[in-house]
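Participant: Using only what follows, build the 3D model:
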Amino acid sequence: MNSPSESRDGAYRDLRKLPKSHLHIHLEGAMRRSTLVELAERYEMDVPEDTRGQRFDNFGGFHDTYVAACHCVRSTADLTRLILEVAEDNAEDGVWWMEPAFDAARFSTCLLYPSPRP
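Facilitator: Coordinates of the predicted model:
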């Protein structure tokens, strides 16, 4: 029996090249590190710790970083940039279908009535 990465003729195929779907991706959680740093600095926020490749000890650590990323999105330009970058990054990873998850009510409120956040 062949492994999932092995074709019927026994040759291995590159699984990274197969089409993929991303059925639930949080835009803020998928934000590029460079974008997060740039937006945090623009809005004079503390830049969250770089957590790429790390595991969180508890949900609180993840949540704090995620909320900081959420607070960096303060304008329609920020949101537009985030959507485009997440789509570009997913396409580069071979994703053909993406279903982004985000809090529309929060964005509606923060984009219509922006205010400084802690």
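
Participant: All the helices of the chain, residue numbers only.
Facilitator: 33-42, 59-71, 76-92, 104-112 (DSSP state H).

Participant: Could you say which one of those helices comes nearest to residue 25?
Facilitator: helix 76-92 (6.9 Å; Cβ to Cβ). (Glycine included, C-beta is placed from N, CA and C.)

Participant: Can you point out the buried residues in that closest one?
Facilitator: 78, 79, 81, 82, 85, 86, 87, 90 (16 or more other Cβ atoms under 10 Å).

Participant: Take the helices of the chain and write them to CSV, including mean pLDDT and distance to residue 48.
Facilitator: As requested, those are exported to CSV (pLDDT from 0 to 100; distance: least, Cβ to Cβ, whole Å):
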stretch, mean pLDDT, distance to residue 48
helix 33-42, 95, 7
helix 59-71, 86, 4
helix 76-92, 94, 15
helix 104-112, 67, 18
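
Participant: any idea how far the residue nearest in space to the middle of the chain lies from residue 17?
Facilitator: Nearest to the mean C-alpha position of the chain, counting by Cα atoms, centre = their mean, stands residue 30 at 0.8 Å. Counting by Cβ to Cβ, to the nearest Å, the separation of residue 30 from residue 17 is 21 Å.

Participant: same question, residue 54
Facilitator: 28 Å.

Participant: Equivalent analysis for residue 24, please.
Facilitator: Residue 24 is 23 Å from residue 17, by Cβ to Cβ.

Participant: Out of the buried residues of helix 76-92, flag the one nearest to residue 8.
Facilitator: Within those, proximity to residue 8 (Cβ to Cβ) peaks at residue 90, which comes in at 29.3 Å.

Participant: Hmm, that closest one is touching residue 22, no?
Facilitator: Yes. At 5.7 Å, residue 90 counts as touching residue 22 under the criterion of Cβ atoms under 8 Å.
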